[in-house]
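Visitor: Here is my input, please return the structure:
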Amino acid sequence: MSARTAQAPTAAASAPRTDRASRGLLARLNTPAVRTRLGTVAGVAILVVLFWRLGTGAFLDGLRRIDAATLLAALAIGLLTTVFSAWRWALVARGLGVRLPLGAAVADYYRALFLNAALPGGVLGDVHRAVRHGRSTGDLGRGVRAVVLERTAGQLALFAAGAVVLVTLPSPVRDEVRQAVPLVGLAALGACAVVLALRMNRAPSRRRGRAWHGMWAGARAGLCSRRTAPGVLLSSVVVLAGYVAMFVLAGQVAGADASVAELVPLAVLALLAMGLPLNVGGWGPREGVTAWAFGAAGLGAGRGLTVAVVYGVLGLVASLPGAVVLVARWYAGVRAAASRPAADRASVAPAAPSRPVPGGVAPGPPVGLRPRTRPQTPDGLGGPGGPGGEVSSEKYVPKESARLARSSLPFSAEPREGRPMTPESV
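Guide: Next up, the predicted model:
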């Protein structure tokens, strides 16, 4: 009995330690840095599997098929999509009460696209854009919300248009999508009903209520108001059409034997796959889904990988003006930092040179004292130590202000009005 009773507290004490250790491990794995690394590893693993199964010939074939005319077309399509994306961002920001000129928005959007294509994760450019705009306007919260709402508008347009395209046009997933649409609709209605029931039965919380009210007010002002909704809808449609046109161009360059109607649903599947955070600069899920979709459509998985590679290269070329913006602003910042100390030195006046004094620095008169000459005596000697008519010595005596301040003391030893001091005058 004693052994059993001794083991019971030990097991009970080890259980909380295990729970704390598991929670600590989950908290460490849920950090943004760990998620980015895991996404990068997943993207690299997808590419390795594709190259292992399909070989590197599809990748090299895609690179060889790109010519100068294709690159110019990619730059033109990228300019169109970037300008309309920046306009959508400016509209959302103005709806939230944040000023954002269109020219600055285009430059920042180009830089964000380049960082998204060059860095792992595919979203670091948008994060940098949100933080920089929020700090430049003095309201970090609204700057971040503007970028989040702008990206949300683009994703909603992709989901809505993608659902219509995948249901109507022939694709490898049309039957599955048609069967899943009613289920997804019912699931959405059920989720809305559950959320509404929880809000009605939950005790009112001022903090939670203010948070929900702020989120809904920001979404309504940035996306659904009369001033912003038409522009946001138009820009989202144009941007999505530009992405699909880029994919169709990649398909034609890669030599895919398919019409535009056949390539559009495959482009939608590739764009949906690009939204997954398991990529290396956008590479990974896009290539895997495109290879599978082309293989399921009877166009060849290798051809699908070639199309995805061409699309990735064209997207990177379309974002290259962002590298120019990044370098130009870095150079401007370096020049500003280099010119600032010179301006500070010019604004400071040089001090007057002092005469060298043997033995060190000559002591100056004490603060608050001024020189006073002794009166000349009748014998012309000017007192002991000097010739007649000349000042022979100097003494620093208190100025008038110092004398007045000292005479105001309650016990002053100054003679007043030339009278001799007496005990009564002290």
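Visitor: my read is Pro120 is in a strand, agree?
Guide: No. With DSSP: H, G, I helix; E, B strand; the rest coil as the criterion, Pro120 is located in coil rather than a strand.
Visitor: Start and end of stretch 160-177, how far apart?
Guide: Criterion CA to CA, to the nearest Å; first-to-last residue distance in stretch 160-177 is 13 Å.
Visitor: what is the mean pLDDT for it?
Guide: Mean pLDDT, taken over the full extent of stretch 160-177, equals 85.
Visitor: One more: stretch 98-107?
Guide: 92.
Visitor: repeat for stretch 325-337
Guide: Averaging the model's pLDDT scores along stretch 325-337 yields 89.
Visitor: Look up how far Ala261 lies from Trp283.
Guide: As defined by CB to CB, to the nearest Å, Trp283 lies at a distance of 27 Å from Ala261. C-betas here are computed from N, CA, C, even on glycine.
Visitor: More neighbours: the two, which one.
Guide: Trp283 (22 against 12; other CB atoms under 10 Å).
Visitor: so what's Arg94 up against?
Guide: Contact criterion CB atoms under 8 Å, 6 or more residues apart in numbering gives Leu100, Arg227, Thr228 as the residues in contact with Arg94.
Visitor: Before we move on, what's the pLDDT of Pro365?
Guide: The model's pLDDT for Pro365 equals 51.
Visitor: actually Trp292, not the one I wrote
Guide: With respect to pLDDT, Trp292 scores 90.
Visitor: ok, residues contacting the helix or strand harbouring it?
Guide: For Trp292, the enclosing helix or strand under DSSP states H and E is helix 285-296. Residues from elsewhere that reach helix 285-296, judged by CB under 8 Å, 6+ apart: 43, 46-47, 49-50, 54, 171-173, 256, 266, 269-270, 272-274, 276, 278-279, 300-305, 307-309, 311-312.
Visitor: now stretch 116-126
Guide: By CB under 8 Å, 6+ apart, stretch 116-126 touches 36-37, 39-40, 43, 111-115, 147, 151, 274, 277, 279-282, 315-316, 319, 322.
Visitor: Just the buried ones from those residues?
Guide: Those of the contacts of stretch 116-126 that meet the buried threshold are 36, 39-40, 43, 111-115, 147, 151, 274, 277, 279-282, 315-316, 319, 322, by 16 or more other CB atoms under 10 Å.
Visitor: Looking at the residues you listed, which are in helices?
Guide: When the buried ones among the contacts of stretch 116-126 are checked against helices (DSSP state H), the matches are 36, 39-40, 43, 111-115, 147, 151, 274, 315-316, 322.
Visitor: Which one of those is nearest to Leu249?
Guide: Here the nearest of these to Leu249, counting by CB to CB, is Gly315; it sits at 11.0 Å.
Visitor: list the contacts for the closest one?
Guide: Ala74, Gly78, Ala117, Met246, Gly282.
Visitor: ok, now how distant is Leu169 from Leu79?
Guide: 28 Å.
Visitor: what does Gly125 give?
Guide: Relative to Leu79, Gly125 is positioned 17 Å away (criterion: CB to CB).
Visitor: Could you do Val106 as well?
Guide: Between Val106 and Leu79 the computed distance is 9 Å (CB to CB).
Visitor: How about Leu149?
Guide: 24 Å.
Visitor: Neighbour count: these two, which is higher?
Guide: Between Leu149 and Leu79, counting by other CB under 10 Å, Leu149 is the more crowded of the two (24 against 15).
Visitor: For that one, pull up the helix or strand it's in.
Guide: Under the assignment given by DSSP H and E, the secondary-structure element containing Leu149 is helix 140-168.
Visitor: how about low-confidence regions in the protein?
Guide: By pLDDT under 70, the low-scoring segments of the chain are 1-36, 39, 195, 198-214, 341-426.
Visitor: now the strands for it?
Guide: 369-373, 394-398 (DSSP state E).
Visitor: was I right about Gly43 contacting Leu278?
Guide: Yes. Shown here, Gly43 and Leu278 form a contact pair, counting by CB atoms under 8 Å, at 5.5 Å.
Visitor: between these two, what contacts are shared?
Guide: Common neighbours of Gly43 and Leu278, using CB under 8 Å, 6+ apart, are Gly284, Pro285.
Visitor: quick one, what contacts the closest residue to Asn279 other than its chain neighbours?
Guide: Among residues not flanking Asn279 along the chain, Gly43 sits closest, at 4.3 Å (CB to CB, 6 or more residues apart in numbering). Counting by CB under 8 Å, 6+ apart, Gly43 makes contact with Pro120, Leu278, Asn279, Val280, Trp283, Gly284, Pro285.
Visitor: beta partners for the fifth one?
Guide: Right, the one you point to is Trp283. Note on Trp283: beta-bridge partners Val280, judged by DSSP bridges.
Visitor: for it, what are its contacts?
Guide: Taking CB under 8 Å, 6+ apart, one finds Gly43, Leu47, Gly312 in contact with Trp283.
Visitor: Between those, which sits nearest Ala157?
Guide: Nearest to Ala157, judged by CB to CB, of the contacts of Trp283 is Gly312 at 21.9 Å.
Visitor: and the gap between the residue nearest to that closest one when sequence neighbours are not counted and Thr70?
Guide: By the measure of CB to CB, 6+ apart, the closest residue to Gly312 outside its immediate chain neighbours is Trp283, 5.8 Å from it. Distance, Trp283 to Thr70, by CB to CB: 19 Å.
Visitor: And Ser136, by the same measure?
Guide: Spatial separation of Ser136 from Thr70 under the definition CB to CB is 36 Å.
Visitor: So which of these two has more stuff around it?
Guide: The neighbour comparison of Ser136 against Thr70 (other CB under 10 Å) goes to Thr70, with 18 against 14.
Visitor: give me every residue that touches that one.
Guide: Leu249, Val253, Leu314.
Visitor: same deal with Ala318?
Guide: Under the criterion of CB under 8 Å, 6+ apart, the contact list for Ala318 reads Ala74, Leu75, Ile77, Gly78, Leu79, Thr81, Thr82, Leu113, Met246.
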